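**Q** Pasting the sequence and the predicted model now:
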Amino acid sequence: MRPMSSAHACLIGLAAALGLLLAACTPDPASGDATAFRVTGSSPPGTPWALQWHRFAETLAADERLALEPALYIHAQLGDPERTLQSVRRGRIQMGGFPLSAVAGLVPEVALLHAPFLFESEAQVDHVIDEHLQAAFEPLFAAQGLKILNWTEAGWLHLFGQKPLSHPAALAGYPVRSQPTLGSRVWFSALAADVRPIPYGDLLSSLQTGLVRGGDSNTLMYLAAGLVDEAPELTLTAHVFEVGVILVNLAWWTERSADEQAAIREALGTRTRLRAEVAAQTDAALAAAVASGRVSVHRPDEAERAAWQERAPAVRARLVREIGGDAERIDAELTRALSAWEALTTSRNL
């Protein structure tokens, strides 16, 4: 769990160049080879997200009924998520896993999922997305030539800083790096922070130089990227549940047989398994960091959490206004979904 060194950065650049060369040599499905297809992603090696893709390829390879041949470029070898998403749209890459920050460039309405304090539990997230928002989002993705195959996740976003950030007042004028999403920028602006939109690759050096002094992240990446060593105060706000999405080129998907589609869906595995693996790796990494004294963990009390949450409705309303498009329709469906979840949990407790 060490920060990325300059040598490591060079290796990533070399891997990207090699990936582009390999991609040029990989059979192109558009040229008539219907069994080969490219899969893109930006998962660090050894993480649960990377392991999920390796299991996907191994499962398809073991299926003797079909001849599907995925070529994995899951460590950003083909470029950043924004670039590779456009390639999936055009059919040059057939499938990939993407963060919402990249997807929002094509389907801005997904930024509503980054409104703060929407969710209280993973079960609630599953209900809202699977039972309501999946159908609401599908036509928006189809209009971009894409189909949603699965949702993925990175866990809860928490605040990190070079000082404790247990109360919203601590962020007033504090230089923070926002996530590359509208929701993150609006959220930090509502907290009167000094918001600085810095690319993720520059975040560690920006913390080292003092350009920023904090931000938010899921815990696993906070530890794995070495952010903990420059900003060791972690506040467990759990203000956003970070989800991503696995997308496939719609035209390519439509040409697949029913058996091929079923095999691909099955090989992707379940969100439950991925969630358990993310949680296990996160818990182990955090426990090790606490034991070694690398991090100080702060858990907001009831009053502090209420102070964070009271700003959330205004942020969500502003997001709907600024996103435009179908944001009002998606937001209305989100409200229905949250109400349905509340009714469901109330009935279970009776």
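**A** Now that the structure is in, tell me what you want to look at. Worth saying up front: this structure is predicted, and the values here are computed from it rather than measured.

**Q** hang on, residue 226 packs against residue 207?
**A** No. If you go by C-beta atoms under 8 Å, residue 226 and residue 207 don't touch, sitting 9.2 Å apart. For every residue, glycine as well, the C-beta is placed using N, CA and C.

**Q** quick one, which of the two is more surrounded?
**A** For the pair residue 226 and residue 207, the greater number of neighbours falls to residue 207 (25 against 18), based on other C-beta atoms under 10 Å.

**Q** ok, the more buried one - contacts?
**A** 162, 213, 227, 230, 231 (C-beta atoms under 8 Å, 6 or more residues apart in numbering).

**Q** one more time with 10 Å, if that's ok
**A** 3, 160-162, 175, 177, 198, 213-215, 226-227, 229-231 (C-beta atoms under 10 Å, 6 or more residues apart in numbering).

**Q** Check the burial of residue 299 by counting its neighbours.
**A** 12.

**Q** For the host helix or strand of residue 138, which helices and strands make contact with it?
**A** Using DSSP states H and E, the element containing residue 138 is helix 134-142. With contacts taken as 3 or more C-beta pairs under 10 Å, 6 or more residues apart in numbering; DSSP states H and E, helix 134-142 sits against strand 146-161, strand 233-249, helix 327-349.

**Q** Just tell me which of those ends up closest to residue 91.
**A** Closest to residue 91 of the helices and strands packed on helix 134-142, according to C-beta to C-beta: strand 233-249, at 4.8 Å.

**Q** Pull out the buried residues from the helix or strand just after the closest one.
**A** Of the helices and strands lying after strand 233-249 in sequence (DSSP H and E), the nearest is helix 250-254. Neighbour-count burial for helix 250-254, with 16 or more other C-beta atoms under 10 Å as criterion, is recorded at 250, 252, 253.

**Q** so after the worst-scoring helix or strand of the chain on mean pLDDT, what's the next helix or strand?
**A** The helix or strand of the chain with the poorest confidence is helix 6-25; it has a mean of 41 (mean pLDDT, DSSP states H and E). Going down the chain from helix 6-25, the next helix or strand is strand 36-40, by DSSP H and E.

**Q** tell me the average confidence for that next one?
**A** For strand 36-40, mean pLDDT is 95.

**Q** Next: stretch 245-257.
**A** 97.

**Q** Now do the end-to-end distance for it.
**A** Stretch 245-257 has an end-to-end distance of 22 Å (C-alpha to C-alpha, to the nearest Å).

**Q** how far out from the middle of the chain is it?
**A** 21 Å (C-alpha atoms, centre = their mean, to the nearest Å).

**Q** State the pLDDT value of residue 83.
**A** 93.

**Q** ok, and for whichever strand or helix holds it, which residues are buried?
**A** Element membership for residue 83 (DSSP H and E) is helix 81-90. For helix 81-90, a neighbour-count test (16+ other C-beta under 10 Å) marks 81, 82, 84, 85, 86, 87, 88, 89 as buried.

**Q** what inclination does it have with respect to strand 233-249?
**A** 20 degrees (axes from the mean of the first three to the mean of the last three C-alpha atoms, to 10 degrees).

**Q** Which strands or helices does helix 81-90 pack on?
**A** When contacts are defined as 3+ C-beta pairs under 10 Å, 6+ apart, helix 81-90 packs onto strand 36-40, strand 95-99, helix 100-103, strand 146-161, strand 233-249, helix 250-254.

**Q** May I see the buried residues of the fourth one?
**A** To tie it back to what came earlier, the one meant is strand 146-161. In strand 146-161, counting by 16+ other C-beta under 10 Å, buried: 146-161.

**Q** Farthest-apart pair in the residues you listed, please.
**A** Once C-beta to C-beta is applied, the buried residues of strand 146-161 give 147 and 161 as the farthest pair, at 39.5 Å.
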